Structure formats: C-alpha cells, structure tokens
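Colleague: Next come a sequence and a model predicted from it.
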Amino acid sequence: MINNVLNLDWSFVYSIINVLFLIVPILLAVAWITVFERKLLAILQRRTGPNVVGIYGVLQPFSDALKLILKETVIPSQSNKALFYLAPVSTLIFSLLGWAIIPVGEGLAIFDFSLGILYTLALSSLGVYGILFSGWSANSKYAFLGSLRSTAAMISYELILSSAVLILIFLTGTLNFCNIIEYQLSIWYIVPLFTVFIFYFISVLAETSRTPFDLQEAESELVSGFMTEHSSVPFVFFFLGEYSSIVLFSCITAILFLGGYNFIELVNNDSILNIQAIILGIKTCVFCFLFILVRATLPRLRYDQLIELCWLHMLPVAVALTILVPSILIAFDILPF
C-alpha cells in the first residue's frame, strides 16, 4: 500500500491542484459579480437590491444557487434528453477552458500557449453549439427561436471581434498573451487604438449576449429564450457559463488593451501576495463594471437593428481599420516582423 502511494504520479496531482486553484476563485468571482450587478442596478434604479442574506446581501448568490439545485429538474416529454443535458454542460466547460491560457502573473499560467488568441477565438466559436443544442433539444418554439437569434448574433459579431484582434496581431506580430502584455510596457493599446477598442467591446457584448444585444433572452417575446425549458442544475450551468464568459472576456480585454498584469513599478512583486494578479483583477473588474453599466443604461435593440448594425455599419469600418493599421505600419517601416 505504501509503495503504491510512493509510486503515485505526483505531477498529475500537482496539475489537478493547479486547476482547482484557478477554477475555484473563478466560480467565486462569478458569484460575487452577480450580486455586484444586482446591487449596482439597484443603485442606478434607486432601489435597495439584495440586502437580507448575509451582510449587505453578499451571500445572496449562494442562496440562489442552493435554491436552484434543490428544485426538481423538469424535462419536456418530447425533448432529446442527451442533448438537453449536454448543452448546459458544454456551455460551462467551454467558458472555463478559456482560463487555461490566461497569465495571472509573469510565468503564471496553467498553459503558456503560443497560439493563445487563436485558441480563445476557437473556444468562443464552440460556445455557439451549446446554445444551438439547448434550443433544438428542448422541442420548444421559444427556445428554438432564442437559439437561432443567439447563433446569428454570435456568428455575425465574431467577424468584428476577429477584425479587432487581427489589428492587434499586426501590431505585435504574436498570438501569445504574455508577449502582448510585454509589448504594452511603454503604452497601453487602448490609447492609440481607442476606435478599435470600441468595436471590440461592442462585439464582446454581442458575443456574451449582454444588453443591448440580449435578443435571445427577450423576456417580453421569448419567455427566457434558449433557457426556457431548463430548470434546476442545468439552468445553474447555463448561468455560470454566461457569467464566467463575461469575466473571461473582461480579463482578455484587460490583457489586450490595458497591459494585463503590468502596471507602474510602484511595488515590488517579491512579496507573498501576487501583486500582478491583483492588478489584473482590478483591471478585469473595471470592464465587468462597464458590462453592468451598459445593461443599466441602454435599451434592447430590435433583431433587425442588431443584424443591420453589424453587417451594414460596423463590418465595413472594421475591414477599413484592418487595412489602415497595417498600411500605417508598413509606411513608417515599424512592422514587428
């Protein structure tokens, strides 16, 4: 027995611990971001918000999660049960897989992938399948219409997102997140590329199905969109996947445009606390706040306006910027490769 324990592959155990140290704080962050959103929306609408469970309502998300887990899972009789369960699980898994390559400090990432941006774009594309499966498998017209709307919006705005990211690749000559952070030591890319950032942020709002692009969850038309027939644990998975994507895209935006974990050398990073991770966390919170602020201030677009905004207004400008920025780099002979 002792020999078996000694022969255990400790590298595998170490990898599992590493993953847990990343996943648990992310799930806690998702919980806190939901209560922060509800409190902020309440303040902006002159209400109180959650204030019963815990001090100032900070334990409200755990109460909600417990309530949903204890509810009965209702499955429509004519649904495809395998896909019905697979859809929320795949949505959550794809949103959590994106964290594997996020550097939370210098040399601190589960996997320092040289094609990090490509990996992120691929995962965001795969996230569409979970929504498609949930809409089709539930055998409900509301869920199906919601999933179709979501798929159309995500595929449309991925073009804008890819164009904005392509400009950054032209500027840095790399697909690695750590290298992009190092390139921003002198100036954050949000300053010279503010127009690109606006296009990127709008496409991220559409990609994460947030207001004003939350057409698939239009309560006045489609009940709850593609999640209409899901309850209990499957609904929790959808909820976690959606908010995990918001935090993930906020973190990626901080890396691409705000210099990631780098900041002015005010403190020494040799302390017990990982100061770089705290800096990245603060920058991520800034973009999470922007997500909530947009939800509180902007009304929902009509579906035809959503598609028209992408294909007729944003895409031509995004393509023009994709041609303009490399042209300037070539003209001044400052291409990084």
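Modeller: Yep, that arrived. Bear in mind that the values here come from a model prediction, so they are computed numbers and not experimental data.
Colleague: residues in contact with A87?
Modeller: Residues near A87 by CB atoms under 8 Å, 6 or more residues apart in numbering: 130-131, 133-134, 137, 234. Backbone N, C-alpha and C define where each C-beta goes, glycine included.
Colleague: Now flag whichever of those is closest to M154.
Modeller: Distances from M154 to these, taken as CB to CB, are shortest for I131 (7.7 Å).
Colleague: List buried residues within the contacts of A87.
Modeller: Listed as buried from those are 130-131, 133-134, 137, 234; burial here means 16 or more other CB atoms under 10 Å.
Colleague: from the chain's centre, how far out does stretch 35-44 sit?
Modeller: 20 Å (CA atoms, centre = their mean, to the nearest Å).
Colleague: before we move on, back to that, show only the entries of the contacts of A87 found in helices.
Modeller: Members of the contacts of A87 lying in helices (criterion: DSSP state H): 130-131, 133-134, 137, 234.
Colleague: Out of these, which is nearest to F199?
Modeller: For the ones in helices among the contacts of A87, the closest approach to F199 (CB to CB) belongs to I131, at 23.2 Å.
Colleague: check contacts around that closest one.
Modeller: 87, 91, 147, 150-151, 154, 216, 226.
Colleague: one more time with 10 Å
Modeller: 87-88, 90-91, 143, 146-151, 154, 209, 216, 225-227, 238, 241 (CB atoms under 10 Å, 6 or more residues apart in numbering).
Colleague: In terms of pLDDT, where does L8 sit?
Modeller: For L8, the pLDDT comes out at 56.
Colleague: my guess is G146 meets A152, correct?
Modeller: No: with contacts counted by CB atoms under 10 Å, G146 stays clear of A152, the gap being 11.0 Å.
Colleague: Tell me where the model's unsure across the stretch 201-337 of the chain.
Modeller: 216-225, 264-273, 337 (pLDDT under 70).
Colleague: Report the secondary structure state of V191.
Modeller: Put simply, V191 is coil when judged by DSSP: H, G, I helix; E, B strand; the rest coil.
Colleague: Now do the contacts for it.
Modeller: Counted by CB under 10 Å, 6+ apart, V191 has contacts 184, 197, 257.
Colleague: what's the closest of those residues to T174?
Modeller: For the contacts of V191, the nearest to T174 is Q184 (12.0 Å; CB to CB).
Colleague: Need phi/psi at that closest one.
Modeller: phi -100, psi 20 (degrees, to the nearest 10).
Colleague: Can you tell me which residue sits nearest the middle of the protein?
Modeller: The C-alpha lying nearest the average C-alpha coordinate of the chain belongs to S245 (CA atoms, centre = their mean; 2.5 Å).
Colleague: which one is that residue nearest to, not counting chain neighbours?
Modeller: Distances taken as CB to CB, 6 or more residues apart in numbering place S95 nearest to S245, at 4.5 Å, with adjacent residues excluded.
Colleague: And the helix or strand hosting that neighbour, what's buried?
Modeller: Under the criterion of DSSP states H and E, S95 resides in helix 81-97. By 16+ other CB under 10 Å, the buried positions in helix 81-97 come out as 83-92, 94-97.
Colleague: what mean pLDDT would you report for that helix?
Modeller: Mean per-residue pLDDT for helix 81-97: 87.
Colleague: Distance check, the closest residue to L92 other than its chain neighbours against L312.
Modeller: Closest residue in space to L92, ignoring its immediate chain neighbours: G241 at 4.1 Å, by CB to CB, 6+ apart. According to CB to CB, to the nearest Å, G241 stands 31 Å off from L312.
Colleague: now swap in L96 and tell me
Modeller: L96 is 35 Å from L312, where distance means CB to CB.
Colleague: where along the stretch 201-337 of the chain do the helices fall?
Modeller: Taking DSSP state H, counting those that start in this stretch, the helices of the stretch 201-337 of the chain run over residues 219-222, 232-257, 275-297, 303-308, 315-331.
Colleague: Also the stretch 1-150 of the chain?
Modeller: Along the stretch 1-150 of the chain, counting by DSSP H, counting those that start in this stretch, helices occupy 2-6, 10-44, 60-70, 81-97, 116-137, 141-172.
Colleague: closest one to T322 among these?
Modeller: Counting by CB to CB, T322 lies closest to helix 141-172 out of the helices of the stretch 1-150 of the chain; the figure is 5.0 Å.
Colleague: Following that closest one in sequence, what is the next regular element?
Modeller: In N-to-C order, the element after helix 141-172 by DSSP H and E is helix 177-183.
Colleague: If you average the pLDDT over that following helix, what comes out?
Modeller: Helix 177-183 comes out at a mean pLDDT of 90.
Colleague: do stretch 100-112 as well
Modeller: 83.
Colleague: What about A42, how many residues nearby?
Modeller: A42 is flanked by 16 other residues according to other CB atoms under 10 Å.
Colleague: Pull up the gap between the residue nearest to it when sequence neighbours are not counted and R38, please.
Modeller: Once flanking residues are discounted, A42 sits nearest to G49: 2.9 Å by CB to CB, 6+ apart. Relative to R38, G49 is positioned 5 Å away (CB to CB).
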